[in-house]
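**Q** Please work out how this folds:
(2 chains)
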2 protein chains.
Amino acid sequence: MSAKTDKDAPYAYGLDRVLHEKARLGIMTSLAGHPKGLAFADLKKLCDLTDGNLSRHLQVLQEAGHVAVHKGYEGNRPHTSCKLTASGRKQFLQYLDLLEKIVRDANDALEVSKVAKRKPKPA
Amino acid sequence: MSAKTDKDAPYAYGLDRVLHEKARLGIMTSLAGHPKGLAFADLKKLCDLTDGNLSRHLQVLQEAGHVAVHKGYEGNRPHTSCKLTASGRKQFLQYLDLLEKIVRDANDALEVSKVAKRKPKPA
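**A** Residues are numbered from 1 along each chain as shown, chains lettered A, B, ... in the order given. Next up, the predicted model:
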């Protein structure tokens, strides 16, 4: 968040850079709906990411403490699963609140300017 | 947008990379509310950006056709003003629709998993 107040700079949005990346937004949303976690392969499919891309984004989310990654085995085969951490869930909620406010601000602004454009000139 | 259908990869969000950057999101929202345009200095203040950062982001938005930049004079002093283009406004609206859907998806997912967690074990 900027050091200035909202009133000084109402459009300096303090969006978390880790969460505000479209692939990571998809990963967080997928995991949000699966509190027991998701297998790497399922997450990859849901978000349409390559192995490399998903690994890279998961590492960023893990380093930020948003996601826990568990590398284990299912039978003899390696099996990676991921889930949101409690703090990841909390911060994602805060991020979503801000995103919602931005959508509202922007839609209001577009609406206001539409009305202003339509207003007939004084006679 | 991914070539796959939403059903295959519901969390592969096709968010426009030009618009989905937090500083540019602030710039677009500021301009959305000012159909006659904003002076560079005012925009800078509203978004709490440095001259260099604002110039760089405006260039990206201009190259994408979202924003028109006019460099002129006010008296003897150089005066730069910026406004949304018609297509910029349209694409910003589409971007906001998708963003709204994502916020809804994510909040639903978090809500569902909260309920699942709360559900008592079968007796």
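
**Q** Show me the strands in chain A, by range?
**A** With DSSP state E as the criterion, chain A has strands at A:38-39, A:67-74, A:77-84.

**Q** how many degrees apart are the last one and strand A:67-74 in direction?
**A** Our comparison of strand A:77-84 with strand A:67-74, counting by axes from the mean of the first three to the mean of the last three C-alpha atoms, to 10 degrees, yields an angle of 160 degrees.

**Q** Show me the strands paired with strand A:77-84, marking each as parallel or antiparallel.
**A** Sheet pairing for strand A:77-84, assigned by DSSP bridges, gives strand A:38-39 (antiparallel), strand A:67-74 (antiparallel).

**Q** Can I get it in PDB? Just the C-alpha atoms.
**A** This file holds the C-alpha atoms of strand A:77-84, laid out as PDB (Å, rounded to 0.1, in the frame of the first residue of the first chain):
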ATOM      1  CA  ARG A  77       4.900 -43.100  -8.100                       C
ATOM      2  CA  PRO A  78       5.800 -39.600  -7.000                       C
ATOM      3  CA  HIS A  79       2.800 -37.600  -6.100                       C
ATOM      4  CA  THR A  80       2.800 -33.800  -5.500                       C
ATOM      5  CA  SER A  81      -0.200 -32.100  -3.900                       C
ATOM      6  CA  CYS A  82      -0.800 -28.500  -3.000                       C
ATOM      7  CA  LYS A  83      -3.200 -26.700  -0.700                       C
ATOM      8  CA  LEU A  84      -3.900 -23.200   0.600                       C
END
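
**Q** Touching it from outside, list them.
**A** A:28, A:31-32, A:34-40, A:43, A:58, A:66-73, A:92 (C-beta atoms under 8 Å, 6 or more residues apart in numbering or on different chains). The C-beta positions use only the backbone N, C-alpha and C, and glycine is treated the same way.

**Q** what's the average pLDDT for it?
**A** Mean per-residue pLDDT for strand A:77-84: 94.

**Q** Was I right to think residue A:100 contacts residue B:103?
**A** Yes. The pair residue A:100 and residue B:103 qualifies as a contact (C-beta atoms under 8 Å) at a distance of 5.1 Å.

**Q** Mind checking which of those two has more residues around it?
**A** residue B:103 (20 against 16; other C-beta atoms under 10 Å in any protein chain shown).

**Q** Local confidence estimate at the more buried one?
**A** 94.

**Q** so what's it up against?
**A** A:96, A:99, A:100, A:103.

**Q** just residue A:57 next, same as before
**A** A:21, A:23, A:24, A:27, A:49.

**Q** Export the residues you listed as CSV, with columns for distance to residue B:111.
**A** CSV is the format used below for those (distance: C-beta to C-beta, whole Å):
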residue, distance to residue B:111
A:21, 23
A:23, 23
A:24, 21
A:27, 18
A:49, 25
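
**Q** Looking at neighbours, which among the residues you listed is most surrounded?
**A** The contacts of residue A:57, ranked by neighbours (other C-beta under 10 Å): first place residue A:27, 28 neighbours.

**Q** Could you pull up the residues touching it?
**A** Contacts of residue A:27 (C-beta under 8 Å, 6+ apart): A:43, A:47, A:49, A:54, A:57, A:58, A:61, A:67, B:11.

**Q** before we move on, what about residue A:96?
**A** Counting by C-beta under 8 Å, 6+ apart, residue A:96 has contacts B:103, B:106, B:107, B:110.

**Q** Switch these over to a markdown table; also include distance to residue A:87.
**A** A markdown table is the format used below for these (distance: C-beta to C-beta, whole Å):
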| residue | distance to residue A:87 |
| --- | --- |
| B:103 | 20 |
| B:106 | 16 |
| B:107 | 18 |
| B:110 | 14 |
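
**Q** so which of those would you say is closest to residue B:87?
**A** residue B:103 (24.5 Å; C-beta to C-beta).

**Q** Lovely, talk soon.
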